[in-house]
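Asker: give the three-dimensional model of this entry:
(one chain, ligands or ions: 2)
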Amino acid sequence: MDGSEFGNIPREMIQWFPRIDTEKCTQCGICAEFCHQEVFISNDETEVANPYSCVVGCTGCMSQCPEGAISFPTLAELREMLRRLRDEFPEEDGHR
Ligand code: SF4
Ligand code: SF4
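Answerer: Numbering: from 1, shown residues only. Ligands and ions are numbered 1, 2, ... in the order given. Okay, the predicted model is just below:
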């Protein structure tokens, strides 16, 4: 998926980004090295610093984490969220 298919929906309204389970995370930094969107910062601690830079629908970093510490909403939850947001932020070009 890329940004263009989300029409007028502001990226900040789409709650799609990784969450780190701090109980499981060992601060290895693999996720931060893997993601090219600079979603993570990894200094003393690895954190989700730029959640809305995450590519909507991508879960690439999740399978890279050796501790299983990264999670996302399900794709069903994403679809439902986008359905609601499309109603809230309709296209302006007559496709209503
Ligand atoms: S899902 Fe993709 S874009 Fe989002 S943080 Fe992980 S690797 Fe980066
Ligand atoms: S890859 Fe997993 S364990 Fe390593 S820093 Fe990222 S979240 Fe933590």
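
Asker: what does this structure put close to ligand 2?
Answerer: 20, 25-31, 46, 65, 67, 69-70 (Cβ under 6 Å from any ligand atom). All C-beta atoms are positioned from the backbone trio N, CA, C, and that covers glycine.

Asker: try it again with 5 Å
Answerer: With Cβ under 5 Å from any ligand atom as the criterion, the chain meets ligand 2 at residues Ile20, Cys25, Thr26, Cys28, Ile30, Cys31, Thr46, Cys65, Glu67, Ala69.

Asker: of these, buried ones?
Answerer: Applying a neighbour-count criterion of 16 or more other Cβ atoms under 10 Å, the buried members of these are Ile20, Cys25, Ile30, Cys31, Thr46, Cys65, Ala69.

Asker: OK, contacts around the fourth one?
Answerer: For Cys31, the contacting residues are Pro18, Ile20, Phe40, Ser42, Thr46, Cys61, Gln64, Cys65, Ile70, taking Cβ atoms under 8 Å, 6 or more residues apart in numbering as the criterion.
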